[in-house]
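Peer 1: Got a predicted structure here, sequence first:
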Amino acid sequence: MAGSKRVLQAEGITKSYDETEVLSAIDLELSEGEWLGILGESGSGKSTLLRILGRFTDADAGKVLFRKKELPPVRNELIPGHEAIRLIHQEFELFPNQTVAENISYALRFYNPQYRLEKVTELLEITGLGYVRHKKAKLLSGGEKQRTAIARSLAEEPLVLLLDEPFAHLDNHNRRVLADAIELLRTQKKTACVFVTHEAGDALAWSDRIAVLRNGRIIQIGTPEEVYNQPANSYVAELTGDINWLNKTDGKQYFIRPEKIKRTQFPEKSKWHGTVETIRFHGNHWEIRCRNQEGYLSFYRNRNDMNVGEEVFLTYGARDLRHIQ
Ligand SMILES: Nc1ncnc2c1ncn2[C@@H]1O[C@H](COP(=O)(O)OP(=O)(O)OP(=O)(O)O)[C@@H](O)[C@H]1O
């Protein structure tokens, strides 16, 4: 976010476990109110990076700065973590024998009882947890635990929230409930956030910027549109969405997203033609996969008006055909 104040910064973060480097010279910046998504496959180092940013783990090299001030090593502190930075782990760390309401209320322990009660009621409403308010945390489902942990963080109103796979464990309904709570954090509370995910859709939908992590290295940072439309390499292109590779004679690697391909009735206007091989329903669109002697091409239709074996003529805008540098 150009012009806004930097709240968190990582410089040259490097970390090894058992002599295997899991993070290599990571540089990151987070501005006030910004949402930075770390997108990477399982084992790419996402959780380790989050723990280092939240000061639960020391890096082997590099530093973390909060509002331009370098944070001391974790091992020098009695209680790990920074009071303005909240990490929500995949394991959630709730008090197992306390109820949902008590877990949330704990975050407000320094406020007066009336305010605590009102705030807890509001947060239970926001996160859709009213029906389990008196249930002990140890008896909750994974998704309920997740939302309780998020409600507790909302109560704390941290400056920086670190979320580890916030949408994991959630069904569609609860994803939406959580999405509303997150929207509130983003728009009203202006909380800055680093969240990690292996789901490209979540990274694209919730990030102001995305950092793509692969084998402990950031291989691209950019807005969701940049990362999706101008991926740095074929790995990022395939990680962020469905893709067709096209052979051209100039030796460059070209790709096109399926949603950019249109069917045409006019063979003379087509740029590719072949026969329909499979038709798959995805709820909000059909995916049509076609084949010719050069290879495959997939495109989407919003109605099911094609048949397997049918000959199709396809076209696309010249600027939708991208090449990887
Ligand atoms: N405490 C540890 N001791 C030894 N190795 C570890 C430790 N924590 C993580 N690792 C290893 O470091 C690598 C990165 O792990 P990390 O949990 O950061 O990845 P991730 O991208 O968050 O994965 P996932 O999406 O599966 O949670 C993995 O190979 C993991 O096995």
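Peer 2: On my side now, so go ahead.
Peer 1: my read: residue 144 touches residue 94, true?
Peer 2: No. Using CB atoms under 8 Å, residue 144 makes no contact with residue 94, being 9.9 Å away. Placement of C-beta: from N, CA and C, glycine included.
Peer 1: Would you pull up how far stretch 148-164 lies from the middle of the chain?
Peer 2: Put simply, stretch 148-164 sits 16 Å off its chain's centre (CA atoms, centre = their mean, to the nearest Å).
Peer 1: got the buried residues for that stretch?
Peer 2: 148-155, 157-164 (16 or more other CB atoms under 10 Å).
Peer 1: which of those lies closest to residue 210?
Peer 2: Among the buried residues of stretch 148-164, residue 163 lies closest to residue 210 (CB to CB), at 14.2 Å.
Peer 1: quick one, phi/psi of that closest one?
Peer 2: phi -110, psi 130 (degrees, to the nearest 10).
Peer 1: in the sheet, who's paired with it?
Peer 2: Beta-bridge partners of residue 163, counted by DSSP bridges, are residue 88, residue 195.
Peer 1: now residue 300, which residues is it bridged with?
Peer 2: With DSSP bridges as the rule, residue 300 is bridged to residue 287.
Peer 1: from memory it sits against residue 284, does it?
Peer 2: No. Residue 300 is beyond contact range of residue 284, at 9.1 Å (criterion: CB under 8 Å).
Peer 1: More neighbours: which of those two?
Peer 2: Taking other CB atoms under 10 Å, residue 300 and residue 284 do not tie; residue 300 has more neighbours (17 against 7).
Peer 1: give the contact list for residue 30.
Peer 2: 6, 7, 8, 9, 36, 160, 192, 194 (CB atoms under 8 Å, 6 or more residues apart in numbering).
Peer 1: distance of it from the ligand?
Peer 2: Relative to the ligand, residue 30 is positioned 18 Å away (criterion: CB to the nearest ligand atom, to the nearest Å).
Peer 1: Doesn't that residue lie inside a strand?
Peer 2: Yes. Counting by DSSP: H, G, I helix; E, B strand; the rest coil, residue 30 is part of a strand.
Peer 1: pLDDT score for it?
Peer 2: As predicted, residue 30 sits at a pLDDT of 96.
Peer 1: Show the contacting residues for the residue nearest in space to the middle of the chain.
Peer 2: Nearest to the mean C-alpha position of the chain, by CA atoms, centre = their mean, lies residue 203 at 3.0 Å. Counting by CB under 8 Å, 6+ apart, residue 203 touches 37, 38, 39, 197, 210, 224, 240.
Peer 1: Filter the residues you listed down to the buried ones, PyMOL style.
Peer 2: In PyMOL, a selection of the buried entries from the contacts of residue 203 looks like this (16+ other CB under 10 Å):
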select buried, resi 37+38+39+197+210+224+240
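Peer 1: Looking at the contacts of residue 203, spot the one nearest residue 310.
Peer 2: Taking the contacts of residue 203 together and measuring to residue 310 by CB to CB, the closest member is residue 240, at 30.1 Å.
Peer 1: Nice, that's everything, thank you.
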